[in-house]
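*Asks:* No letters, just coordinates:
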Ligand code: CTP
C-alpha cells in the first residue's frame, strides 16, 4: 500500500508557467490514493483553469478567503492537511511565506498548518539566484520546510539555466518520503534489471534483449511504498527518484553487487536476464577480421539467484523471474523449487507485447504452495504493484 493512501494533501498552485505541471502532480497523488485539495492563487488562474484541477482532485479547487460556504477556510484547510506541497512556488509566495504574510488563502493555509510543508520553486535563473530568494528559502529550510530544488534546463521564453520546476515524479517521491512508511517502510529491497553483457573481445559482447523496464518498475514501486531500494542494473534508463543505482555489465559484476547488497536485503527481486554462459577467454584487443572467424568457447556463469536461495536468511524474501517460450508454468515451478524462491514471476516472452523490450507484460505469479495469480497484459508498473502486493502478503505470513 502506498504511503499516500488516505492522506489529505493540499497542493498549493501559484502563478508561474510551470503551474500546468501541478496538474500532473495532483493526478499522481490521487492515483496513489491521497485525498487531494488544490488551492490556487490569483496568479495561478492566469496559467491554468480551475476546472482542470477540480476535475482531477478530490474536491473543488479553493482560492478565496471569503468563501461563504466555509466561514473559516484559512484555518480549516491547514488543520486538515497531512501535508502541503506548493508546486510551483514563485518568488512572491516564497517571500510572503518566509515573511509570515497572510495575503491570500494559500499563505493563510501555510501559516495555519502544523503539517509538513514542501515548496517546489520554479522561476528564471536570475530570480532563483537573487539573494532575497535564496535567503528566504534558507530561512524556510531552517524552519523545517522541505525545499525541492529546481532543475537546470529550458525555461519559459527559451532561456536555459537553473529554475525549471523539479519533475512531477521527483516531487511525488519527496511527498512519499515525507509522509513516511508505506507497507515496505523500513525494509531494504534489492532489485536487478537488464540483460548482462559478456565480453568476447575489446568491442564485442554476447547480450540479450532484456530492456530492464520491468526491474525499474519494481524499483519505483518499492521506493514509493517506503522501501530503501538498491537497483543493480545493466541499462541506462532514468533512475526512479530515491533509488540507489549500482551499474554493472557482466554476470560476474552483477553477482558481486548482488551478494554485497543482499547482506542487508529483506527482499531481493531478480528481474535481470543474466547470461547463462560467457566466453572463456576474452581478449583485451579487437579481434581482426583477417585472422578468420574465431571459435568462441563458452563456460557457465554463476547462478546468482540459486546462490542466494542456498544461503537464504530467515525472514529474507527471494523473488525470481522466469523468461520462458514454452511450458510456462511447469518450467517456472521447477525454477522456483531449484532456486529456493518465495515467488516466481513467469512470463512467456514469445507472446506478443510480453516481456523483453515492451512497455507491457503479462505474467503468472507462482508460490511454493502452488498458489497462482495471473496478470493479463498490462503496463509494467501494474505488474510491479502486483508483485509487491504478493511479497507483502508473503511477509505478513512470516510474522
Ligand atoms: N538468474 C540468475 N543467474 C543466472 C541466470 C538466471 O540469478 N546465471 C536468475 C534470473 O535473474 C531470474 C531467474 O534466475 O530471476 C531465472 O532466470 P531464467 O533465465 O528464466 O532461467 P535460468 O535459470 O537461466 O534457466 P533457463 O535459461 O534454462 O530457462
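*Replies:* In hand now; what should we look at? These numbers were taken from a predicted model, which means no experiment stands behind them.

*Asks:* For residue 174, which three-state class applies?
*Replies:* For residue 174, the assignment made with DSSP: H, G, I helix; E, B strand; the rest coil gives helix.

*Asks:* Against which helices or strands is the longest helix along the chain packed?
*Replies:* Across the chain, the longest stretch assigned as helix under DSSP state H is helix 380-398. Applying 3 or more C-beta pairs under 8 Å, 6 or more residues apart in numbering; DSSP states H and E, one finds that helix 380-398 makes contact with helix 213-224, strand 267-270, strand 317-324, strand 343-348, strand 360-366, strand 372-379. Using the backbone N, CA and C atoms, a C-beta is placed for each residue, glycine as well.

*Asks:* would you turn these into a markdown table with mean pLDDT, distance to residue 285 and mean neighbour count?
*Replies:* Converted to a markdown table, the helices and strands packed on helix 380-398 look like this (pLDDT from 0 to 100; distance: least, C-beta to C-beta, whole Å; neighbours: other C-beta atoms under 10 Å):
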| stretch | mean pLDDT | distance to residue 285 | mean neighbour count |
| --- | --- | --- | --- |
| helix 213-224 | 94 | 33 | 28 |
| strand 267-270 | 98 | 33 | 27 |
| strand 317-324 | 96 | 33 | 23 |
| strand 343-348 | 96 | 39 | 24 |
| strand 360-366 | 95 | 40 | 22 |
| strand 372-379 | 94 | 44 | 14 |
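
*Asks:* Any chance of these in JSON lines with distance to residue 199 as columns?
*Replies:* Conversion of the helices and strands packed on helix 380-398 to JSON lines gives the following (distance: least, C-beta to C-beta, whole Å):
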{"stretch": "helix 213-224", "distance to residue 199": "22"}
{"stretch": "strand 267-270", "distance to residue 199": "22"}
{"stretch": "strand 317-324", "distance to residue 199": "22"}
{"stretch": "strand 343-348", "distance to residue 199": "28"}
{"stretch": "strand 360-366", "distance to residue 199": "29"}
{"stretch": "strand 372-379", "distance to residue 199": "34"}
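
*Asks:* And these: which comes nearest residue 55?
*Replies:* strand 372-379 (22.8 Å; C-beta to C-beta).

*Asks:* how far does the closest one sit from the chain's center?
*Replies:* Mean C-alpha position of strand 372-379 versus that of the full chain (C-alpha atoms, centre = their mean, to the nearest Å) differs by 21 Å.

*Asks:* Direction included, what does that strand pair against?
*Replies:* Applying DSSP bridges, strand 372-379 is found paired with strand 360-366 (antiparallel).

*Asks:* Kind regards, and thank you for your time.
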